[in-house]
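*Asks:* got a predicted structure plus its sequence, pasted below:
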Amino acid sequence: MKISRTLWNGIHKVSINDYIPVVDYKFSGKSPDNSQEFYMVEEIGESLRITMSLAVREHVLGLGERAYDIDRRMGKFKSWNSDAFAYEYRKDPLYVSIPFFMTVLKGSARGYFVNFPGLIDFDFGVENYDKITITVHSLSADFYIIDGPSIESVIERYTDLTGKPFLPPRWSLEHQISRYSYYPQEKALEILDEYLKEFRVGALYLDIDYQDSYNTFTWGSCFPDPEKFRKDLEDRDVKLVTIIDPYVKVDQNLPLFKESIGFLCQRESGELYVERSWPGLVAFPDFYDARTRKWWSTHVSRWLRTSGDGIWIDMNEPSPSANWNLDRDHGGMLIHRIGDRIVPHSEAANAFPYFEAMATFAGAKEAMEEPFVLSRSGYSGIQSFAAIWTGDNTSGTKDLKLQISLIASLSLSGLPVSGCDLGGFIGKSDPDLVELYYRMALFFPFYRNHKAKGENDQELFRFPEKIRDSLRKCIDLRYYFIPYIYSIEMESHLSGHPVIRPLCYEFADDEDTYIIDDQYMIGKSLMYAPLLESGKTQRTVYLPDGEWFNFWSGIYHSGPAYITSNDEYPLYIRNGSAFTVGFEPPFDLVVAGNAEFHDSVAGKIRHRNGSIDLERSTEISKVFYYSFGEDQKGIRHEKEIGETVDRISIDDILRGKPGTTI
């Protein structure tokens, strides 16, 4: 066994048996790595086994999309993209494979990344209580060890290596609606108009029934005038996102199939690799090949210039063939072309959506300034090209906590732009349950209502008036916070920092935070503890170490502490925060203690020495300023501004009226 070790920027690369990567990241290390080894690498038959110790108090975080607790210890997982229809807790694997994880012991973190997009097994203390065991089903791979000491610094370095997240357009944070499927054309528009009578909507998604016989890059007869349809949406200030599957129907009469010859996946024999899916017999573009990616991106660009504002790539594990060459032979091995070499699918499977997203994003960028690509599947690095949604979730109260864990863990794995199907894709979702989904996901970067065929209607305008009123308030509240969420997306684009953060991200030395799966941070400044039970008006909230203000009342709490909240939306602002909120200009400014923050509206906000300074002159409606008050119970002061400013005096704010509700 041949092992070489190099070091770059706190990232230690261990190349095993001269691995030639399928996905080649920008590792610039050339200097030999002489750091002490604390792991063991062995050849076991046709596999590699990597082992390291697991301490009693050590936590394991990351590993991408897993239907499991945020702390992965005592879990076994496979890295193999799978179509996990109607998944529930402990179903494994799911759609996305991110073979990157962190261990945290006494607040100190270290990262590990196995760059091999084939099958990998991870065992975090199950077979051997005191060991982490990684089984790579290959005799060569690249293994990276990423220095901390904080969780944040590990993620910064990991995204230095695999790519920083793309910056999505601001509209992608708005409320979005979808169904499998909205059609025909006049009915899709009617549904949108019914929504718009009562609710804000930023985007409408079209599932596969808009297509001509499910053929890629086509409009079917149910949308006789797609140009008019798009114009109708533009007139309503609503974006259009269309679904695209990674298929080309095998039909010699189709122009797309005829021009795709030479760009499709094949067997060792040279025959096309074909499967059955929605259009019938289909072939798959070989996205691993740069020539194929160029061909695909040209079609994406052409499509988006006339047919939408974003693209939704589905079935790209790929499915229905998520078990390609794992259990069956198919009469000859499926292969991929990467440059001048041939790679078997078994060694490259998980990278299929990565390369598809790369090609799709490139095409979208040719067509528009701010591309938006949404993907179901992925591999490490896809964060540079696409958002992720968590696939075909099962409606139910158990799924509410599970989705918090999924989104928090994707965020810890370098994928900050993510969300779930609000209401659940599969199964019955009554109005009360749908409302709980909307509340739970209030700050998720992706916020879309989506439902399967054959399931109940869950359009919000169909619900009883009481539920509609509550949902309208929820959606309006989300829009109010979009400037802040977008500020964190900007931070994420530059640094890799998550938008949604489990409490342990910010408070790694607090053991209680590793088991809290029903609260989350939004950036550094806000902590949210949603109500997850129908009819419940009270819940226990954990506040980690520090100074916290109730966002609504200004009441002050010192953590660590468990408190009882009676708020409809239990939301807490961390002392040392400053940001803008609001639907549109003029915005409100929120400040708690001395702070410095890069805001999407005002630029750098800095509160020091009795004044709040804004880098950009900004039209401000009100300032909400949180202070301890003379009795240390906390006060939220309100000051009407009503003009464009770049500096605000704290003394002027304190002369305003305290305790006003936003």
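*Replies:* Great, that's in hand. Residues are numbered from 1 along each chain as shown.

*Asks:* can you pull the pLDDT of Gln36?
*Replies:* Gln36 carries a pLDDT value of 78.

*Asks:* can you classify it as helix, strand or coil?
*Replies:* Look at Gln36: counting by DSSP: H, G, I helix; E, B strand; the rest coil, its state is coil.

*Asks:* which regions of the stretch 401-550 of the chain sit below the pLDDT cut-off?
*Replies:* Scanning the stretch 401-550 of the chain for pLDDT under 70 picks out no residues.

*Asks:* what about the helices in it?
*Replies:* 431-440, 465-495, 503-506 (DSSP state H, counting those that start in this stretch).

*Asks:* out of those, deepest packed?
*Replies:* With neighbours defined as mean count of other CB atoms under 10 Å, those peak in mean count at helix 503-506, which reaches a mean of 24. C-betas here are computed from N, CA, C, even on glycine.

*Asks:* quick one: residues contacting the nearest residue to Gln632 once chain neighbours are set aside.
*Replies:* Of all residues not flanking Gln632 in the chain, Tyr556 sits nearest, at 6.4 Å (CB to CB, 6 or more residues apart in numbering). Residues near Tyr556 by CB atoms under 8 Å, 6 or more residues apart in numbering: 547-550, 626, 628-629, 632-634.

*Asks:* try it again with 10 Å
*Replies:* Shown in contact with Tyr556 (CB atoms under 10 Å, 6 or more residues apart in numbering): 547-550, 575, 592, 626-629, 631-636.

*Asks:* can you flag which of the residues you listed belong to strands?
*Replies:* Of those, the ones assigned to strands by DSSP state E are 547-550, 592, 626-627, 635-636.

*Asks:* so which of the residues you listed would you say is closest to Ile342?
*Replies:* Among the ones in strands among the contacts of Tyr556, Trp548 lies closest to Ile342 (CB to CB), at 57.3 Å.

*Asks:* my read: that closest one touches Tyr572, true?
*Replies:* Yes - counting by CB atoms under 10 Å, Trp548 touches Tyr572, with 4.6 Å between them.

*Asks:* give the residues shared as contacts by those two.
*Replies:* Residues touching both Trp548 and Tyr572 by CB under 10 Å, 6+ apart: 527, 541, 555, 557, 559, 563, 592.

*Asks:* just the buried residues from those, in ChimeraX please.
*Replies:* Buried residues among those (16 or more other CB atoms under 10 Å), as a ChimeraX selection:
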select :527,541,555,557,559,563,592
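
*Asks:* can you flag which of the shared contacts of Trp548 and Tyr572 belong to strands?
*Replies:* Per DSSP E, strands hold the following members of the shared contacts of Trp548 and Tyr572: 527, 541, 557, 559, 563, 592.

*Asks:* for the stretch 551-662 of the chain, what spans make up the strands?
*Replies:* For the stretch 551-662 of the chain, strands defined by DSSP state E, counting those that start in this stretch occupy the ranges 556-565, 571-574, 577-581, 587-592, 595-599, 603-608, 611-627, 635-649, 657-658.

*Asks:* between those strands, which gets nearest to Pro117?
*Replies:* Of all those, the one in closest proximity to Pro117, counting by CB to CB, is strand 595-599 (34.7 Å).

*Asks:* tell me which element the residue lying closest to Gly496 once chain neighbours are set aside is part of?
*Replies:* Among residues not flanking Gly496 along the chain, Thr159 sits closest, at 3.1 Å (CB to CB, 6+ apart). Per DSSP states H and E: Thr159 is located in helix 151-162.

*Asks:* what angle sits between that helix and helix 465-495?
*Replies:* 70 degrees (axes from the mean of the first three to the mean of the last three CA atoms, to 10 degrees).

*Asks:* any chance of JSON lines for the strands of the stretch 551-662 of the chain, columns mean pLDDT?
*Replies:* Listed next are those as JSON lines, based on pLDDT from 0 to 100:
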{"stretch": "strand 556-565", "mean pLDDT": "98"}
{"stretch": "strand 571-574", "mean pLDDT": "98"}
{"stretch": "strand 577-581", "mean pLDDT": "97"}
{"stretch": "strand 587-592", "mean pLDDT": "97"}
{"stretch": "strand 595-599", "mean pLDDT": "94"}
{"stretch": "strand 603-608", "mean pLDDT": "94"}
{"stretch": "strand 611-627", "mean pLDDT": "96"}
{"stretch": "strand 635-649", "mean pLDDT": "95"}
{"stretch": "strand 657-658", "mean pLDDT": "60"}
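
*Asks:* can you add distance to Ala364 and give those strands back as JSON lines?
*Replies:* Formatted as JSON lines, the strands of the stretch 551-662 of the chain follow (distance: least, CB to CB, whole Å):
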{"stretch": "strand 556-565", "distance to Ala364": "42"}
{"stretch": "strand 571-574", "distance to Ala364": "34"}
{"stretch": "strand 577-581", "distance to Ala364": "29"}
{"stretch": "strand 587-592", "distance to Ala364": "30"}
{"stretch": "strand 595-599", "distance to Ala364": "26"}
{"stretch": "strand 603-608", "distance to Ala364": "28"}
{"stretch": "strand 611-627", "distance to Ala364": "29"}
{"stretch": "strand 635-649", "distance to Ala364": "35"}
{"stretch": "strand 657-658", "distance to Ala364": "48"}
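
*Asks:* for the ones you listed, which one sits closest to Phe85?
*Replies:* Closest approach to Phe85 among these (CB to CB): strand 571-574, 34.6 Å.

*Asks:* pairing partners for that closest one, with directions?
*Replies:* Strand 571-574 has its sheet partners listed here by DSSP bridges as strand 526-528 (antiparallel), strand 539-550 (antiparallel).

*Asks:* buried residues of it, list them for me.
*Replies:* 571-574.

*Asks:* could I get those as CSV with distance to Leu189?
*Replies:* Listed next are the buried residues of strand 571-574 as CSV, based on distance: CB to CB, whole Å:
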residue, distance to Leu189
Leu571, 36
Tyr572, 41
Ile573, 41
Arg574, 44
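
*Asks:* quick one: which of those residues is nearest Thr397?
*Replies:* Nearest to Thr397 out of these is Leu571 (CB to CB; 21.3 Å).

*Asks:* wait, isn't the closest one in contact with Phe443?
*Replies:* Yes - counting by CB under 10 Å, Leu571 does reach Phe443; the two are 9.3 Å apart.
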